[in-house]
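K.L.:
I'll drop the sequence and a predicted model, then ask my questions.
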Amino acid sequence: MPLSGTTKVKNMCSMIPGYFSRYTPMDYRIAVNQNISDSAFRYTPNWSYSLFKTHLNPNKKNIDIIKKNGVKKVVVTYRDLRDVVISNYHRLITIKPKKAIQIITNII
């Protein structure tokens, strides 16, 4: 979903001292299907807090991998779809005004 708010949450949390955003090395086929693997935790040190920005499918396999790798806290963001539409519209107006008008015209 575009503009879901995960980047904003990650950026806010990374401002907390001792929290660091981490790279998640994974096979492309796993990542593109919004899943996770053990390799995502390869470079996670145990001496600090780590942030992973993902859009994971909430299936049992992904949850088991998260638990197995010692993840203690998970933040789930949910955004009202009406808000996403308005946010995307304002973004289009700022970046591509002609495209925004075209999209609105098609909706109406």
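P.N.:
Yep, that arrived. Bear in mind the structure is a predicted one, so any value in this text is a computation, not a measurement. Residues are numbered from 1 along each chain as shown.
K.L.:
tell me where the model's unsure across the protein.
P.N.:
Counting by pLDDT under 70, the chain contains low-confidence ranges at 1-4, 100, 103-104, 107-108.
K.L.:
longest helix in it, please.
P.N.:
As assigned by DSSP state H, the longest helix anywhere in the chain is helix 81-95.
K.L.:
tell me the helices and strands packed up against that helix.
P.N.:
Secondary-structure packing of helix 81-95 (3 or more C-beta pairs under 8 Å, 6 or more residues apart in numbering; DSSP states H and E): helix 97-107. Using the backbone N, CA and C atoms, a C-beta is placed for each residue, glycine as well.
K.L.:
which residues in this protein form strands?
P.N.:
Under the criterion DSSP state E, the chain contains strands at 19-21, 49-51.
K.L.:
please identify the most buried of those strands.
P.N.:
Among the strands of the chain, strand 49-51 has the highest mean neighbour count (mean count of other C-beta atoms under 10 Å), at a mean of 15.
K.L.:
show me the contact partners of it.
P.N.:
For strand 49-51, the external contacting residues (C-beta atoms under 8 Å, 6 or more residues apart in numbering) are Lys10, Cys13, Ser14, Ile16, Gly18, Tyr19, Phe20, Ser21, Arg22, Thr44.
K.L.:
before we move on, the earlier item: would TSV of the strands of the chain with distance to Ile93 be doable?
P.N.:
Converted to TSV, the strands of the chain look like this (distance: least, C-beta to C-beta, whole Å):
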stretch	distance to Ile93
strand 19-21	30
strand 49-51	31
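K.L.:
for Asn35, which of these is the nearest?
P.N.:
Evaluated with C-beta to C-beta, these place strand 49-51 nearest to Asn35, the distance being 18.6 Å.
K.L.:
centre of the chain to that closest one, how far?
P.N.:
In terms of C-alpha atoms, centre = their mean, to the nearest Å, the centre of strand 49-51 is found 14 Å from the chain centre.
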